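1. Just to be clear, the model below is a prediction. Sequence and coordinates:
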Number of protein chains: 2
Amino acid sequence: MDIAIPLFDRFTALDAIGPYETLSRLPGARVTFVAAEPGPVLTDNRMLSLVAERALADLPNPEIVVVPGGIGTRAVMNDAELVDWVRTAHETTQWTCSVCTGSLVLGAAGLLDGLEATTHWMAMDTLASTGALPTGRRVVEQGKIITAAGVSAGIDMGLTLAARIAGDTVAQAIQLGIEYDPQPPFDSGSPEKAPAEVVEICRGVEALIDAGQPAA
Amino acid sequence: MDIAIPLFDRFTALDAIGPYETLSRLPGARVTFVAAEPGPVLTDNRMLSLVAERALADLPNPEIVVVPGGIGTRAVMNDAELVDWVRTAHETTQWTCSVCTGSLVLGAAGLLDGLEATTHWMAMDTLASTGALPTGRRVVEQGKIITAAGVSAGIDMGLTLAARIAGDTVAQAIQLGIEYDPQPPFDSGSPEKAPAEVVEICRGVEALIDAGQPAA
C-alpha cells in the first residue's frame, strides 16, 4: 500500500509527521515523501528539511495521499504541477487526505466543492473560497476524502484512517505504540477553549505573516 | 536560544518533531538538528530522512538539548561520541530533555543516576539499568532534566518546557497555533488503558525487533 505525502516549500513538519508516524505502522504500508524534485525540502520556519525521496511524476497512483499544510500552501494553491498531481492521483486513490491548510490544496484541485471539510482554525474563510463547507470538527470524513484540523490533528486523523483500513485493534495498537495518551498542560488547543488574549496573540502572529514579515 | 536535537540512525521521527514543532515557536528560539556528520539521517522504518544541518562538534553548548528516542538508541547507548556530547553539553545547558527512549541516552551519559525519569512503556527495565528511577508519569521534571514518555509525549513535554521558559500565555498560544486539542478515536494510549490483546500485539512487535527481524 503506497502512501504518498507531498512536500513543498514552507510546509509544517508536524502536519506531515503525524500521519506518517501513524500510517507507516500499518501492516504493508510504504510511506513515500514526494516533491516536484527529489531532495531536501525546507519547513515553514527554515529550521528543518525533510527529504523527498521521489518526484511527484514518479508516483502518480498511490493508494493514499496525505497533503500537509503550512504557510506554503498559499503558493501551492497556484502551483499547477502539485495541484494537478493531487487531482489526478485522487482519481485512483482509496483515500485522499489533508492536514491543516493542506485542505486548501484539495480545494484548489476542485475536490471539495460542496463537501464538508476542515482546516486550521485561522484558514476557514480561505477554505470556504474553494467551494468547501467548513466545519469545526477535528476530523471530517466525506466518502474517501478525510480532512483534519490544524497541525497536530493529523495524529487523530491517522488513527481514524488506520482503523478504517485495518480495524480498531490495529489502530489501537498503533496508538499504544506511539503512547498517544495526550496530557497537554493547558486546555488551549482551540479558539473556543483558549483565553481571549491567547487567541489575539495567534491572530497577531498571523497578521505579521500576511504582511510578509517573519513571525516571532 | 539554541535548541539542539541530535539525530542518529533509526531515531523515531515524531519523538523529534513534537519538541521541534512546539519549541521552535518560542520567541528567539533557534532549533538545530545535529548529528555525528551533517546530512540526511534515516528514521527507524527507513521511510524518511531528516537533515542534520550541523555536526555535533559544531554545537557544543546549546541552551537546550532534546534527545529523541527510537530503536536506534540501543546502539547509541554505546556510541561514545554522542553520549560524550550529551554529557558535556549538559554541563552548560539550561534544560536537558528526552522523549521516549532518548532517556536511555541521558542514562548512558550518567545524568539520571538516582533521579526519577520516564521512557517508552516497553523500555522501563532498560531505563532502570542506567540508575534512573522509572516512573509512569508522562512528563517528569527533575531540576533541569525533563524526560517524556513514548513518542507523542514530546508534544506535552514541549508545551511544559515552553511554559517554564516563556510563561503560560506563550505556551498556550503555541498550543493554539498547532491546534493541539487532542481527540484520539480510541482510549488506548497507555498499557493501563489499552485492551489486553492490544498490549500483547505491541509486545509481539517488540519481540520481533529484539530478534532482529523487521517489525510488521
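-> All right, it came through fine. Numbering: from 1, shown residues only, chains lettered A, B, ... in the order given.
2. Which strands and helices lie in contact with the strand or helix carrying A:Ala171?
-> When elements are assigned from DSSP states H and E, A:Ala171 belongs to helix A:168-177. Applying 3 or more C-beta pairs under 8 Å, 6 or more residues apart in numbering or on different chains; DSSP states H and E, one finds that helix A:168-177 contacts helix A:153-166, helix B:196-210. Yep, even glycine has a C-beta here, placed from its N, CA and C like the rest.
3. Could you confirm whether the last one reaches chain A?
-> It stands for helix B:196-210. Yes - Helix B:196-210 lies within reach of chain A by C-beta under 8 Å from any C-beta of the partner chain, at B:Glu197, B:Val198, B:Val199, B:Ile201, B:Cys202, B:Val205.
4. residues touching the third one, list them.
-> B:Val199 is in contact with A:Leu176, B:Pro191, counting by C-beta atoms under 8 Å, 6 or more residues apart in numbering or on different chains.
5. what do you get for the second one?
-> With contacts defined as C-beta under 8 Å, 6+ apart, B:Val198 is in contact with A:Thr169, A:Gln172, A:Ala173, A:Leu176, B:Ser188.
6. circling back: among the helices and strands packed on helix A:168-177, which comes closest to A:Ile145?
-> Closest approach to A:Ile145 among these (C-beta to C-beta): helix A:153-166, 11.2 Å.
7. Skipping its backbone neighbours, what lies nearest the residue most central in space within chain A in space?
-> Residue closest to the average C-alpha location in chain A (C-alpha atoms, centre = their mean): A:Val99, at 2.0 Å. Spatial nearest neighbour of A:Val99, excluding adjacent residues (C-beta to C-beta, 6 or more residues apart in numbering or on different chains): A:Gly154 at 3.7 Å.
8. Is A:Asp125 within a helix or a strand, and which one?
-> Short version, using DSSP H and E: A:Asp125 is in helix A:124-128.
9. so how far is stretch A:145-156 off the chain centroid?
-> A distance of 6 Å separates the centroid of the chain from that of stretch A:145-156, by C-alpha atoms, centre = their mean, to the nearest Å.
10. And the helices in chain A, which stretches?
-> Using DSSP state H, the helices of chain A run over A:13-23, A:73-76, A:80-90, A:102-108, A:124-128, A:153-166, A:168-177, A:196-210.
11. Which pLDDT value goes with the residue nearest to A:Val99?
-> Predicted confidence (pLDDT) for A:Gly154: 98.
12. Measure how buried it is and give me the count.
-> Per other C-beta atoms under 10 Å in any protein chain shown, the neighbour tally for A:Gly154 reads 31.
13. hang on, it packs against A:Ile146?
-> No - applying C-beta atoms under 8 Å, one finds A:Gly154 not in contact with A:Ile146, separated by 10.3 Å.
14. what's the spacing between A:Ser190 and A:His120?
-> 11 Å (C-beta to C-beta, to the nearest Å).
15. Mutual contacts of the two, please.
-> Here A:Ser190 and A:His120 share the contacting residues B:Glu179, scored by C-beta under 8 Å, 6+ apart.
16. Among the contacts of B:Val198, which pair sits farthest apart?
-> Across the contacts of B:Val198, the longest distance by C-beta to C-beta is 10.5 Å; it joins A:Thr169 and A:Leu176.
17. Comparing these two, which shows the higher neighbour count?
-> Using other C-beta under 10 Å as the criterion, A:Thr169 and A:Leu176 rank with A:Leu176 on top: 26 against 16.
18. wait, that one sits on B:Pro195?
-> No - checked against C-beta under 8 Å, the pair A:Leu176 and B:Pro195 is beyond contact range at 9.4 Å.
19. Can you check which residues contact both of those two?
-> Here A:Leu176 and B:Pro195 share the contacting residues B:Ser188, scored by C-beta under 8 Å, 6+ apart.
20. Number of residues surrounding A:Pro62?
-> Neighbourhood size, A:Pro62 [other C-beta under 10 Å]: 23.
21. Please apply the same query to A:Glu81.
-> 13.
22. and it, what does it touch?
-> For A:Glu81, the contact set (C-beta under 8 Å, 6+ apart) comprises A:Ala36, A:Leu56.
23. Please apply the same query to the one 4 residues further on.
-> Under the criterion of C-beta under 8 Å, 6+ apart, the neighbours of A:Trp85 are A:Pro6, A:Leu56, A:Ala57, A:Pro60.
24. any idea how far the first one is from A:Thr12?
-> In this view, A:Pro6 and A:Thr12 are 13 Å apart by C-beta to C-beta.
25. joint contacts of those two?
-> A:Pro68.
26. dump the residue contacts of A:Met77.
-> For A:Met77, the contact set (C-beta under 8 Å, 6+ apart) comprises A:Val83, A:Leu104, A:Val105, A:Gly107, A:Ala108.
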